[in-house]
Structures are given as C-alpha cells and as structure tokens.
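Chemist: mind folding the following:
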Amino acid sequence: MDVERIRADFPILKEVIYMDSAATSLTPEPVLEAVSRYYRAYNANVGRGVHRITQLATERYNEAHRKVAGFIGAKEGAVIFTKNATEAINMVAYGLSWARGDEVVTTVLEHHSNFLPWLRLKEKGVIVKVVKPHRDGIFDIADFEAAIGDRTRLTAVAHISNVLGTSAPINEIAAICNATNTLLLVDGAQSAPHIRIDVESSGCDFFAFSGHKMLGPTGTGVLWVKDVEGIEPTFFGGGMIEEVSLRGYKLASGYERFEAGTPHIAGGIGLGRAVEYLEDVGMEKISGYEARLAEKLLKGLRDSEKVTVYGSTNPKERIGVVSFTINGVHPHDVALMLDEASDIMVRSGHHCCMPLMNYLGLKEGTVRASLYVYNTEEEIDTLLDTVDGIAKMV
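Modeler: Okay, the predicted model is just below:
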C-alpha cells in the first residue's frame, strides 16, 4: 500500500497529524472533485424530469447506491442514503411497530446514537435490556443468550466500539437472534471504514454506518435493510411514492420509498466516490496496515507507567481506535497539549458513550487516538514521544 501516494490526496496532512477519524475522517481530493463536479456540471434534482442534466444526475446518484451496495456485499434488500448513522438507526426505531412488553437488547458499549432511540421506546412500554462486557470490552456470548428471549423484538449492537476499538461477536449474536426470531441491527459506523463488510453473510437485518467516517462528505450515511416490507418509512413526501390520489398512495419500491424529498445528491455521489477510493486501495490492505499501526501504538502507550490503555490488548479483537488516560491529567488537557506541542489532533471526553464511561468509572472520559489509512508509523512515534513528555511533567 502506497501510503505517501494516499497522503498526497489529503493536503491538510501537511499541517497536522490527524488521529480523530473515529469522529470524522478526512476527505480526499477525488471525493471533493466528485462533489464539485456535480455542482459545476450537472446540478439538477434526481428522478424529477427528462432533460439531460437531471437524467445524468439521477444516473450518478443511482450509481452511488450501486457502489455502496457492492462495498458492503449487499445483493438483496435496500441501501438507503441517510444523513448519518444516527438517522439510519432512528429510522429503524420508528419504522418498526412496537407493542407494550416487547424487548430490545443492546449493550453498555453503544454510542448514544444506538442507545437513546431504544431508551426512548420505554415510553411505549418497551423493555430495554443492556448486556455488559468485561472491562476490556470483550463480551461473553452467554450473556446474549441469557438476554435474548421470546419477547425480544430486536437486538442492537455496535460492530466495533467507538471508544475501545473492540469487536462484538456479530455472527454468534446473529445465530442467537435467528434461533429466537429476533431482528438484529448492527451499528457499523466504526467497522465499515476499516474492515471488509458482507451484510449478506453477517446474519443481520439492518446495517447502519456514516459516510463521513470513511472519507465521504459530512451529512451522508447508509441504512441497509434486508426486508424493505418489514419496516415503514418515517418520512413522507415527494420521490418516495409510485402514485398518489385523493384517497391514498402507493409507495415506490426499493430504497426510494425511504428517501422522501430532495436528497443530499452531491453527498451521495461523493460517498460513492469514497467507497470506490477505498476499494481501489483495498480493504484487506487497509485492515492489515492499520493493525500494524495499532499494535505499535498500543505497545508504546502500555510501556509508559503513567498511561492507562482501555480495551483489549489482543490485536485480533480490535482496530486502531485507542482510548487512554495519563494519570493526573484531564483528558481535555492532554488533547490540548498534543495539539499545541505536536499538531496532533485527537478526541477527548466521553465520546458520546456516557453509560460506558460510568461503567468504567471514567468521570472525565478518555483521550482517543483513532487511526486510518493516511496515518504513518512516524506519526505514531510523534504521538508516543509527546505523550511520554506530558507524562513526565506530572
């Protein structure tokens, strides 16, 4: 993998060391060009007319759906463009019908986006069960077997923790859900950018992820739905119907029934270009490269007596999303010092995972360095040297 060639597509890297991709990744020049080309060359609405510009825009937008479908191994179902993973998950929460006494099983590791929608269903009498992992973020599958039962309507699990970087046993959870006739939603916001995804073989019913964490524009996301007839649209309006009369309406087929109104056309086209960019590099190459970076980072952080690293230390159980603290230093202060001393951009705080932070006893949260395809070993060395310097100050 030619990292220097890749880095050339991200001019901002001449100024900073960017290790906050779990929040929002950088956007390469080819994606920016695809977005700009839409506005400059064929800026028209999609599915709304017959003139050549709208026809071109519609074809490019549909093509983006096909690219994303191929990227996640989707041969059936619907790939719906949303504004982010949060909207995608909420579409499921409000698109399913719920009865009092229904159960949702989720985990304490979840991002608020995959926790609050289910928590709010308590207002409808839905029971929310929360599975807890070991402190390293690894689950016992027996805990899911105990939690998922006859009343469980849906299980919602993050594929990879946005705090600890640890992976959930999705295939094993899917087997339990299949045996109990339970729907499975997988939050793939942290997995789709980094590892090869095959929704068909995963056993899930819904797969949600964000475009802005995988080189795409902000305001883009995806929801894959296995059975489009099993969920109701949550927005109604133009573009999502086949016909309308004074007495009723008929929904369009496929993803269109879920994309009411004018979509983020440029963003969708940009997302299609982003997955094409990742495919050109090769997801297997990306995963292997990031694993080496993560191993180097984890080892270097663990070597410091004043640094505590959270999550599994087994590279096979995690990706390059690494949370740590420095004894006696607030995570926000660490992040500011990394920026000021070495132009290193990291995230600090609760990472939209307050239940997990409470579970781990981390009142102020953690510092999180999240790696991606454009990071280098030299940047890891700089981070480790700067962290070591901060630790020696306290």
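Chemist: mind listing the helices for the chain?
Modeler: With DSSP state H as the criterion, the chain has helices at 3-7, 29-41, 52-71, 85-95, 116-120, 141-147, 170-179, 199-202, 265-281, 283-302, 331-342, 354-360, 377-393.
Chemist: same list (those helices) but as JSON lines, adding mean pLDDT.
Modeler: Output for the helices of the chain, formatted as JSON lines (pLDDT from 0 to 100):
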{"stretch": "helix 3-7", "mean pLDDT": "97"}
{"stretch": "helix 29-41", "mean pLDDT": "98"}
{"stretch": "helix 52-71", "mean pLDDT": "96"}
{"stretch": "helix 85-95", "mean pLDDT": "98"}
{"stretch": "helix 116-120", "mean pLDDT": "98"}
{"stretch": "helix 141-147", "mean pLDDT": "98"}
{"stretch": "helix 170-179", "mean pLDDT": "97"}
{"stretch": "helix 199-202", "mean pLDDT": "94"}
{"stretch": "helix 265-281", "mean pLDDT": "98"}
{"stretch": "helix 283-302", "mean pLDDT": "97"}
{"stretch": "helix 331-342", "mean pLDDT": "98"}
{"stretch": "helix 354-360", "mean pLDDT": "98"}
{"stretch": "helix 377-393", "mean pLDDT": "96"}
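Chemist: how about the ones you listed, which one is nearest Asn162?
Modeler: If you check each of these against Asn162 by CB to CB, helix 354-360 wins as the nearest, at 9.4 Å. No exception for glycine: its C-beta is placed from N, CA and C like everyone else's.
Chemist: which residues are contacting that closest one?
Modeler: 108-110, 112, 115, 130, 132, 135, 161, 163-164, 310, 350-351, 363, 365-366 (CB atoms under 8 Å, 6 or more residues apart in numbering).
Chemist: drop anything exposed from those.
Modeler: Taking 16 or more other CB atoms under 10 Å as the criterion, what is buried in the contacts of helix 354-360 is 108-110, 115, 130, 161, 163-164, 310, 350-351, 365-366.
Chemist: mind putting those into TSV with distance to Ser304 and pLDDT?
Modeler: Listed next are the buried ones among the contacts of helix 354-360 as TSV, based on distance: CB to CB, whole Å; pLDDT from 0 to 100:
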residue	distance to Ser304	pLDDT
Val108	28	98
Leu109	25	98
Glu110	30	98
Phe115	32	98
Val130	33	98
Ser161	22	98
Val163	20	98
Leu164	19	98
Tyr310	14	97
His350	23	98
His351	21	98
Gly365	19	98
Thr366	15	98
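Chemist: buried ones in stretch 235-244, by neighbour count?
Modeler: Quick answer for stretch 235-244 (16+ other CB under 10 Å): 239-241.
Chemist: using PDB, write down the CA coordinates of that stretch.
Modeler: Extracted C-alpha coordinates of stretch 235-244, given in PDB (Å, rounded to 0.1, in the frame of the first residue of the first chain):
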ATOM      1  CA  PHE A 235     -40.700  10.500   6.200                       C
ATOM      2  CA  PHE A 236     -43.300  11.000   3.600                       C
ATOM      3  CA  GLY A 237     -43.300  13.300   0.500                       C
ATOM      4  CA  GLY A 238     -42.100  13.600  -3.000                       C
ATOM      5  CA  GLY A 239     -39.900  11.000  -4.500                       C
ATOM      6  CA  MET A 240     -40.900   8.100  -2.300                       C
ATOM      7  CA  ILE A 241     -44.200   7.200  -3.900                       C
ATOM      8  CA  GLU A 242     -45.300   5.500  -7.100                       C
ATOM      9  CA  GLU A 243     -48.700   7.100  -7.300                       C
ATOM     10  CA  VAL A 244     -50.900   9.400  -5.200                       C
END
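Chemist: contacts for stretch 265-272?
Modeler: Outside stretch 265-272, the residues that reach it (CB under 8 Å, 6+ apart) are 27, 31-32, 34-35, 38-39, 45-46, 57, 60-61, 63-65, 67-68, 81, 211, 216-220, 222.
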